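# need the 3D shape of this:
(2 chains)
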Amino acid sequence: QVQLVQSGAEVKKPGASVMISCKASGYTFTSYYIHWVRQAPGQGLEWMALINPSAGSTSYARKFQGRITLTRDTATSTVYMELTSLRSEDTAIYYCARDEVELPGYWGQGTLVTVSS
Amino acid sequence: QSALTQPPSASGSPGQSVTISCTGTSSDVGGYSYVSWYQQHPGKVPKLMIYEVSKRPSGVPDRFSGSKSGNTASLTVSGLQAEDEADYYCSSYADNNNYVVFGGGTKLTVL
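Have a look, this model is predicted:
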């Protein structure tokens, strides 16, 4: 069955960077885009970026351009999301999700990132 | 401020039907048949309920249905059950720098 397993919770100081991994299994990794979506405490869903695991091409939301980088390792079927220059407003649960017809479909379990001094 | 507009709350009694709207523009909801709906219970991961406006993934009850008219998409939950109480989010493909846009979410209460 499709599984997206994300790395564990992180605590970072303002100005630092965080890298979250998302390991896919149960399907052909290079056949589906991977989206990243975040959810601040008590707030709604916010789309951040996506990557084509086959070509490595990416698309970033305007809000995060310059601070976010997606990469992938096809040998391990893993996608990585790095977010830099963290601030308190970046405290959120970060989800990776496999594409389902242009939009997020099946979601990983989420990774809590806490930004605090 | 979310790109897509949803009512913050909706409610219905068990067995009734409730419809949640999701309003965008011709650059997203109105321009494409790529609208999805997600259900999220407190503390849980979002679950895909509808994709491509009206298609249901395997395992989603047929009590859940989707539609679209112009720039507004809708999710209808028929025969409300207690377990349907959750937050519901819509999303759409968008032809601008933000490839995907979400609604702000609707809290569905089963009375």
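# can you give me the strands in the chain?
Answering for chain A, as no chain was given. A:3-6, A:10-12, A:18-25, A:34-39, A:45-51, A:58-60, A:68-73, A:78-83, A:92-100, A:103-107, A:111-115 (DSSP state E).
# that's the wrong chain, I meant chain B
So, for chain B - with DSSP E - the strands run B:9-12, B:18-23, B:35-40, B:47-50, B:64-69, B:72-77, B:86-93, B:100-102, B:106-110.
# can you check which of these gets nearest to A:Thr69?
Closest approach to A:Thr69 among the strands of chain B is made by strand B:100-102 (18.1 Å; CB to CB). Just so you know, the C-beta spots here come from the backbone N, C-alpha and C atoms, and that holds for glycine as well.
# list the buried residues for that closest one?
B:100-102 (16 or more other CB atoms under 10 Å in any protein chain shown).
# so what does it touch, helix or strand wise?
strand A:45-51, strand B:86-93 (3 or more CB pairs under 8 Å, 6 or more residues apart in numbering or on different chains; DSSP states H and E).
# rebuild these as a markdown table, extending it with mean pLDDT.
Putting the helices and strands packed on strand B:100-102 into a markdown table (pLDDT from 0 to 100) gives the following:
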| stretch | mean pLDDT |
| --- | --- |
| strand A:45-51 | 97 |
| strand B:86-93 | 97 |
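# single out the most deeply packed of these.
Of the helices and strands packed on strand B:100-102, the one with the most neighbours on average (mean count of other CB atoms under 10 Å in any protein chain shown) is strand B:86-93, at a mean of 26.
# what lies in contact with it?
Residues outside strand B:86-93 that contact it (CB atoms under 8 Å, 6 or more residues apart in numbering or on different chains): A:44-45, A:47, A:102-104, B:4, B:6, B:20, B:22, B:24, B:28-29, B:32, B:34-42, B:46, B:49, B:73, B:75, B:99-108.
# are stretch A:59-69 and chain B in contact anywhere?
Yes: contact between stretch A:59-69 and chain B, assessed by CB under 8 Å from any CB of the partner chain, occurs at A:59, A:61-63, A:65.
# how about the contacts made by A:Thr111?
Taking CB under 8 Å, 6+ apart as the test, what A:Thr111 contacts is A:6-10, A:20, A:93-95.
# who's in contact with the residue in chain B sticking out farthest from the centre?
Farthest-out residue of chain B from its mean C-alpha position, per CA atoms, centre = their mean: B:Asn97, at 22.5 Å. Listed by CB under 8 Å, 6+ apart, the contact partners of B:Asn97 are A:61-62, A:65.
# what is the neighbour count of the residue lying closest to B:Ala94 once chain neighbours are set aside?
Computed as CB to CB, 6 or more residues apart in numbering or on different chains, the closest residue to B:Ala94 that is not its neighbour in sequence is B:Asp28, at 4.1 Å. Using other CB atoms under 10 Å in any protein chain shown, B:Asp28 has 25 other residues around it.
# B:Asp28 contacts B:Ser2, correct?
No: using CB atoms under 8 Å, B:Asp28 is not in contact with B:Ser2, being 11.4 Å away.
# which residues are common contacts for the two?
Contact with both B:Asp28 and B:Ser2 is made by residues B:Val101, according to CB under 8 Å, 6+ apart.
# what subset of the contacts of strand B:86-93 is buried?
A:44-45, A:47, A:102-104, B:4, B:6, B:20, B:22, B:24, B:28-29, B:32, B:34-40, B:46, B:49, B:73, B:75, B:99-108.
# centre-most residue in chain A?
Central residue of chain A (CA atoms, centre = their mean): A:Trp36, at 3.7 Å.
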